[in-house]
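Colleague: Curious how this folds, go ahead:
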Amino acid sequence: MSYISLFYDILILATFLIYYITPKKYRYVILSIGSIVFYIHICTHPVQIAVFASSIVFAYLFGLLISRCVKLGADKEKSSRKYALQSKLFLAIGIVLAGMPLYFIRFTGTLGMLDDYNFIVPLGISFYTLQIISYLVDIYRGVAKVIINPVKFILYMSFFPQIIQGPIPRYSQLADQLFEGHDFDEKEALKGLQLILWGYFLKLMIADKAGVVVDNIFGHYTMYSGGYIFHAGLLYSIQLYADFMACVCISQGVARLFGIRLADNFNRPYFAETVQEFWRRWHMSLSGWLRDYVYIPLGGNRKGKFRKYLNTIITFLVSGIWHGGDVRYIVWGFMHGIYIVFGALTAGIRDKATRMIMGKKDDTDEFTTLTGRLFRRACTFIFVMIAWIIFRADTLQIGIGMLYRMFTTFSPFVYFDSGIYNLGLDEKQTHILVFSIIMLFVVSYYQEKHRTEDIIMDKLLKQPRIMRWGLYIVAIIAIWVFGTYGYGYNASDFIYGGF
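Modeller: So this is what the prediction gives:
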């Protein structure tokens, strides 16, 4: 059971109704119960529940210990060194114990020591482990308050709209919202429903349709020329974004029903003009976490250029390991680290070359013309797509083989014959997919132009009620009729749920 299921819909409705009839000071209890019910239901083995529960217990206990040492160290000047050492020790032990299941899974996965460990892997382990680490570190740094109430702590760690796929919350972003209780806000609730509907559109009209073609070509890549592999890489880049964004939208939408705002996780990443900018826009909660808890503690950019570039590569290697134990994820992370380092080293040369190619004669020009922006975005997308092919392939060897075929046998003419309709989707389904991708682009462009995610939702709320609800009903029917169901594809599964 995931975010697209009848059980989840019933859970939301029941929690929503009970939440708003419960006194405000106890509403966090209702959210805690809903979160516990959700997590128990999605687990397929008791071991998963035990692993998750043990991580929460360790995080709770060591949060208390770290907080106590930090407080005593501040109160007793003579013993401050002693308590500082104790707080560091408790922090290290807490991080090791709470994160041990994830470390074990990644280590054994990388070495190929354990073939099937799904029965011990709780869903969302990669996300809640990072949440635990940030919580303990922030208590140690004095930027977060320890949560003493165990029910509140369980809620903070397991809030059901975001437990499986994030965004990865920080204490300052989420804790107070969860605990304070909210009055019903019709405007926020309607925005929440709009986000949920948009998430369903992204998932069923784009991600799952594109996934049919992607699975076919990646599964039988030796049968296809480079043009088709490029097509698969292009569609996978869109599929992954639409799938992950769909989950985030549904998560944010459900949270808004309770008056809670989850952090944004995407900022139209494929409009980025450099790979570095791409990572400021893609999976922003993960990027921010890696910056604050890996890159900066390593020294960031404070110890010279060589250390800066080394720290960048190490940070992206950590990102690759976080995504999975297979070597292809590590290579994928390394590629992005190299992209960013190479981009920084060649920034001046690339600007001059781009101006020359695009006909810009003035070296002092900032190169902000539409043509230049499109050129940079296209180049960035190609580099990111190449890395996504490695990321998606079943093995590193297959990924390299696909890239070799793509570059040595590429032909754009695959888009001008009927072969494009024989990749798992027929002509009608392919046209629906293309239309849906265009719609995503138009919405994204409009949001990018106005620099806000809520621009379309705000405009919809200003329309007459009958028009608004008419649009909602039409959208629901369209997704129901034209969305992808079947094809051996489980619509309830989200790609990032596998991490």
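Colleague: Excluding chain neighbours, what is closest to the most centrally placed residue in the chain?
Modeller: Among the residues of the chain, the smallest C-alpha distance to the mean C-alpha position (C-alpha atoms, centre = their mean) belongs to H283, namely 4.3 Å. Distances taken as C-beta to C-beta, 6 or more residues apart in numbering put N265 closest to H283, at 6.0 Å, once the chain neighbours are dropped. (Glycine included, C-beta is placed from N, CA and C.)
Colleague: what secondary structure does that neighbour sit in?
Modeller: What DSSP: H, G, I helix; E, B strand; the rest coil gives for N265 is coil.
Colleague: burial of it, as a residue count?
Modeller: N265 is flanked by 25 other residues according to other C-beta atoms under 10 Å.
Colleague: hang on, the earlier thing: touching, the residue nearest to the centre of the chain and F244? I think so.
Modeller: Yes. Proximity of H283 to F244 meets the contact threshold set by C-beta atoms under 8 Å, at 7.4 Å.
Colleague: Mutual contacts of those two, please.
Modeller: 265-266 (C-beta atoms under 8 Å, 6 or more residues apart in numbering).
Colleague: how much space between the residue nearest to H283 and I250?
Modeller: 12 Å (C-beta to C-beta, to the nearest Å).
Colleague: And for L471?
Modeller: Distance check for L471 against I250: by C-beta to C-beta, it reads 19 Å.
Colleague: Pick out whichever of those two has more residues nearby.
Modeller: Neighbour count, other C-beta under 10 Å: between L471 and I250, I250 has more, with 28 against 14.
Colleague: Hmm, I196 and the more buried one touching each other?
Modeller: Yes. Counting by C-beta under 8 Å, I196 is a contact partner of I250 at 5.4 Å.
Colleague: list residues touching both of those two?
Modeller: With contacts defined as C-beta under 8 Å, 6+ apart, no residue is adjacent to both I250 and I196.
Colleague: where does the stretch 101-250 of the chain dip in pLDDT?
Modeller: In the predicted model, the stretch 101-250 of the chain carries pLDDT under 70 at residues 106-120.
Colleague: Next, give phi and psi for the residue nearest to H283.
Modeller: Recorded main-chain torsions at N265 are phi -120, psi -10, according to degrees, to the nearest 10.
Colleague: same thing with H45?
Modeller: The phi/psi pair for H45 (degrees, to the nearest 10) is phi -150, psi 140.
Colleague: what about it, neighbour count?
Modeller: Number of residues near H45 (other C-beta under 10 Å) recorded here: 13.
Colleague: measure it to Y103 for me?
Modeller: For H45, the distance to Y103 (C-beta to C-beta) stands at 20 Å.
Colleague: Equivalent analysis for I438, please.
Modeller: Using C-beta to C-beta, which is the criterion applied here, I438 is 43 Å from Y103.
Colleague: who's more crowded, those two?
Modeller: More crowded of I438 and Y103, by other C-beta under 10 Å: Y103, with 13 against 10.
Colleague: residues in contact with stretch 30-46?
Modeller: Identification of contacts with stretch 30-46 by C-beta under 8 Å, 6+ apart yields 1-2, 7-8, 11, 14-15, 18-19, 22, 49, 52, 119-120, 122-123, 151-152, 154-155, 158-160, 163-164, 178, 258.
Colleague: Can you select the buried ones from the residues you listed in PyMOL?
Modeller: Selection of buried members from the contacts of stretch 30-46 for PyMOL, criterion 16 or more other C-beta atoms under 10 Å:
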select buried, resi 2+8+11+15+19+49+52+120+122+123+151+152+154+155+158+159+160+163+164+178+258
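Colleague: Out of the contacts of stretch 30-46, list just those in strands.
Modeller: Secondary structure of these is defined by DSSP state E; no position falls in strands.
Colleague: domains for this protein, by residue range?
Modeller: The chain breaks down by automatic domain parsing into domains covering 6-164, 182-226+236-266+406-499, 273-390.
Colleague: and the ones you listed as JSON lines, adding distance to S172?
Modeller: Shown next, in JSON lines, are the domains of the chain (distance: least, C-beta to C-beta, whole Å):
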{"stretch": "domain 6-164", "distance to S172": "7"}
{"stretch": "domain 182-226+236-266+406-499", "distance to S172": "10"}
{"stretch": "domain 273-390", "distance to S172": "12"}
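Colleague: I400 is nearest to which of those domains?
Modeller: domain 273-390 (7.5 Å; C-beta to C-beta).
Colleague: what about that closest one, distance to the chain center?
Modeller: 18 Å (C-alpha atoms, centre = their mean, to the nearest Å).
Colleague: Quick one: end-to-end distance for that domain.
Modeller: Counting by C-alpha to C-alpha, to the nearest Å, the length from the leading to the trailing residue of domain 273-390 is 21 Å.
Colleague: now stretch 196-212
Modeller: According to C-alpha to C-alpha, stretch 196-212 extends 23 Å from its N-terminal end residue to its C-terminal end residue.
Colleague: Good, we can wrap up now.
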